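Colleague: When you get a sec, could you give me coordinates for this:
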Amino acid sequence: MEIETAIPLSFSDFPDDVQLCVLSFLRPSDLSAFACTCKRFDSLYRSDQRLWFSLCDRRWGSKTLINKWGNGKISYRHLYRILEEYENLIGFWRRCGDVAASSPPLVFFEWGPFYITGSRISPATNMGYAVIKKQLLWMSIASNGQPVNYLDPDGKVELMEEDLMGESSVVESELIQVNVNFIGDCHVVVEENLGFNGFRRDSSSGNLRSEDYENVYGSPPERVMTEIYQYFANRTSPSGNGASRRQRRREKEKQGRMRKWESEHYVKIVNCSPKPSHPLQGLWKGICGDMSLDFYLVSYDDIGGIACRKVGDSTRPLAYHAPIFWTSNLTFIESPLSPEEDHIYNYRLHLRPSTEDQIHDHTSSFDSEDVSRILYINSSYDLVIPDFVGTTVNPMQVEGRVWQYRNGTFGFGFLRDNYVIDLKHIAENGHLLDTIESSNG
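Modeller: Residues are numbered from 1 along each chain as shown. You can find the predicted model right below:
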């Protein structure tokens, strides 16, 4: 009996669609190494639209329409590089710095069909757990492959597809074109693109200067570094004269007469969702003691504690905000609860919206059977008010509980109070919950 000898197949022997499917699982760095094996694969890596579409579609196809970006006229390799950078924007960011305190500090970025949107997020008033979502920023790619970013400080414009493709005049009359500059992975700066000519805008937005707006001319976005270089060049060059300095002075005077969007800085809120090892971390919303809705950020710090802070004033880093509670005890006590803990929990009010018929209020009745485990809040003011350290403070004033419920949410309260603040998710699986669009009146 003759035994057939198996003939080994090389990767290039497989059909093209099989090769593309396999290669679509690789990262660009892996593809670059693979392309060095032969000229055919090098050509495939550099210019094959099918390959790069497969890579884009596998990574982001469930979140956005790959073939709609740039009106389908751009290189998918170029699109991959842009989407890889944009992907880091998805999630919550917090405005920082000295800006108008009236605007909400939280911005939520999410995928759209062929763009990314950034929306200001704020608690609604007298509407239960509803969250107001107000459009702020659109980021897309024009048909020529250039990024197009439009900002609507008043949240009053509804963009159409042709607007983001640069085929409409709406953006020129209603919006501000901006640059979104990445500084590392967790810091972005949104600033007006002063090289965008020919549009006018009248607005009462608190972040716009009141001077008349005129056609924009002048330096490119990197003008700051250019001016620094020219400044020192003129200082050190023996042949330098005052002509360039006078030109820059005239340019600055012209820019000073413009109405301009003041640059805003945003810092990413990392770990904004709970995970098995850190079940309390993330952004939450809850009804406060004054019966208003507020946002809370719970984080696990580097010294083994859990801190809960309100997300409020954006002029100072969160680290400078006194925590609502802080505890170094990370050991949960599982249910069933002791009779004493049952009593502590059951004889407390759960703060909830004042009107039970609100469509966004999903709060149900609570009892100790809903609690899966508890955590002791064993120190809060010791770190916030240093003078309390070593004094005979009544433990009832600093002791509290965190009650984690079976659905993964939790509530907290102090023994000095008679209520529980129950926290709910702001977002889940990348989508905001209980949102209402801001009324543009």
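Colleague: Low-confidence regions, the protein specifically.
Modeller: Residue ranges of the chain with pLDDT under 70: 1-7, 13, 98-102, 159-173, 195-260, 312-322, 354-369, 379-397, 439-441.
Colleague: and the longest strand along the chain, what other elements does it pack with?
Modeller: Counting by DSSP state E, the longest strand found in the chain is strand 131-141. With contacts defined as 3 or more Cβ pairs under 8 Å, 6 or more residues apart in numbering; DSSP states H and E, strand 131-141 has these neighbours: helix 76-86, strand 106-111, strand 116-123, strand 147-151, strand 176-182, strand 435-437. Using the backbone N, CA and C atoms, a C-beta is placed for each residue, glycine as well.
Colleague: Helix 76-86 and that one, what's the angle between them?
Modeller: Relative orientation of strand 131-141 versus helix 76-86 (axes from the mean of the first three to the mean of the last three Cα atoms, to 10 degrees): 150 degrees.
Colleague: Parallel or antiparallel, which strands does strand 131-141 pair with?
Modeller: Strands that pair with strand 131-141, judged by DSSP bridges, come out as strand 116-123 (antiparallel), strand 147-151 (antiparallel), strand 435-437 (parallel).
Colleague: Which one, of the ones you listed, ends up nearest to F41?
Modeller: Ranking these by proximity to F41 (Cβ to Cβ) places strand 147-151 first, at 30.0 Å.
Colleague: Now do the strands in the stretch 301-441 of the chain.
Modeller: With strands called from DSSP state E, counting those that start in this stretch, the stretch 301-441 of the chain shows them at 306-310, 325-327, 333-334, 349-350, 371-377, 400-405, 410-414, 419-425, 427-428, 431-432, 435-437.
Colleague: Which residues does the third one contact?
Modeller: Counting by Cβ atoms under 8 Å, 6 or more residues apart in numbering, the neighbours of strand 333-334 from elsewhere in the structure are E341, S372, R373, I374, L375, Y376.
Colleague: OK, contacts around the nearest residue to N271 once chain neighbours are set aside?
Modeller: Nearest residue to N271 in three dimensions, chain neighbours excluded: Q281, at 5.3 Å (Cβ to Cβ, 6 or more residues apart in numbering). By Cβ under 8 Å, 6+ apart, the residues touching Q281 are N271, C272, S273, P274, K275, V298, S299, Y300, I306.
Colleague: Does the strand or helix carrying D294 pack against any helices or strands, and if so which?
Modeller: Per DSSP states H and E: D294 is located in strand 293-300. With contacts defined as 3+ Cβ pairs under 8 Å, 6+ apart, the packing partners of strand 293-300 are strand 116-123, strand 282-287, strand 306-310.
Colleague: among those, which is the most enclosed?
Modeller: The highest average neighbour count among the helices and strands packed on strand 293-300, using mean count of other Cβ atoms under 10 Å, belongs to strand 282-287 at a mean of 23.
Colleague: for it, packing partners?
Modeller: Using 3+ Cβ pairs under 8 Å, 6+ apart, strand 282-287 sits against strand 293-300, strand 419-425.
Colleague: let's see it at 10 Å
Modeller: Here strand 282-287 touches strand 91-96, strand 116-123, strand 293-300, strand 410-414, strand 419-425, strand 427-428, going by 3 or more Cβ pairs under 10 Å, 6 or more residues apart in numbering; DSSP states H and E.
Colleague: returning to what we had before: next, format the strands paired with strand 131-141 as a markdown table and append distance to V267.
Modeller: Shown next, in a markdown table, are the strands paired with strand 131-141 (distance: least, Cβ to Cβ, whole Å):
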| stretch | distance to V267 |
| --- | --- |
| strand 116-123 | 14 |
| strand 147-151 | 18 |
| strand 435-437 | 23 |
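Colleague: State the phi and psi torsions of A33.
Modeller: Main-chain dihedrals, A33, degrees, to the nearest 10: phi -70, psi -40.
Colleague: you'd agree L65 is up against G112?
Modeller: Yes: using Cβ atoms under 10 Å, L65 is in contact with G112, at 8.9 Å.
Colleague: of all the strands of the stretch 301-441 of the chain, which lies closest to R46?
Modeller: That would be strand 431-432 among the strands of the stretch 301-441 of the chain, by Cβ to Cβ, at 37.2 Å.
Colleague: ok, the nearest residue to V402 once chain neighbours are set aside - how many residues close by?
Modeller: Residue nearest to V402 in three dimensions, not counting chain neighbours: L375, with 4.0 Å by Cβ to Cβ, 6+ apart. By the measure other Cβ atoms under 10 Å, the count of residues near L375 is 21.
Colleague: Which residues does the helix or strand containing R46 contact?
Modeller: Counting by DSSP H and E, the element that carries R46 is helix 39-47. For helix 39-47, the surrounding residues in contact (Cβ atoms under 10 Å, 6 or more residues apart in numbering) are 11-12, 16, 19-20, 23, 26, 28, 31-36, 38, 48, 50-52, 75, 77.
Colleague: Just list whatever residues bridge to K285.
Modeller: F295, K424.
Colleague: wait, doesn't it sit right on V298?
Modeller: No: checked against Cβ under 10 Å, the pair K285 and V298 is beyond contact range at 11.7 Å.
Colleague: angle of the longest strand of the chain against strand 293-300?
Modeller: Taking the same axes, to 10 degrees, one finds strand 131-141 and strand 293-300 inclined to each other by 70 degrees.
Colleague: Leaving aside the residues adjacent along the chain, what's closest to C36?
Modeller: Using Cβ to Cβ, 6+ apart and skipping the chain neighbours, the partner closest in space to C36 is D42 (7.0 Å).
Colleague: Check the gap between that neighbour and E84 for me.
Modeller: 21 Å (Cβ to Cβ, to the nearest Å).
Colleague: now do F14
Modeller: For F14, the distance to E84 (Cβ to Cβ) stands at 27 Å.
Colleague: Same question for L349.
Modeller: 49 Å.
Colleague: Between these two, point out the one with more neighbours.
Modeller: Neighbour count, other Cβ under 10 Å: between L349 and E84, E84 has more, with 15 against 11.
Colleague: isn't the more buried one right up against C56?
Modeller: Yes: counting by Cβ under 10 Å, E84 touches C56, with 9.5 Å between them.
Colleague: For stretch 407-423, buried residues please.
Modeller: Neighbour-count burial for stretch 407-423, counted by 16 or more other Cβ atoms under 10 Å, picks out T409, F410, G411, F412, G413, F414, L415, V420, I421, D422, L423.
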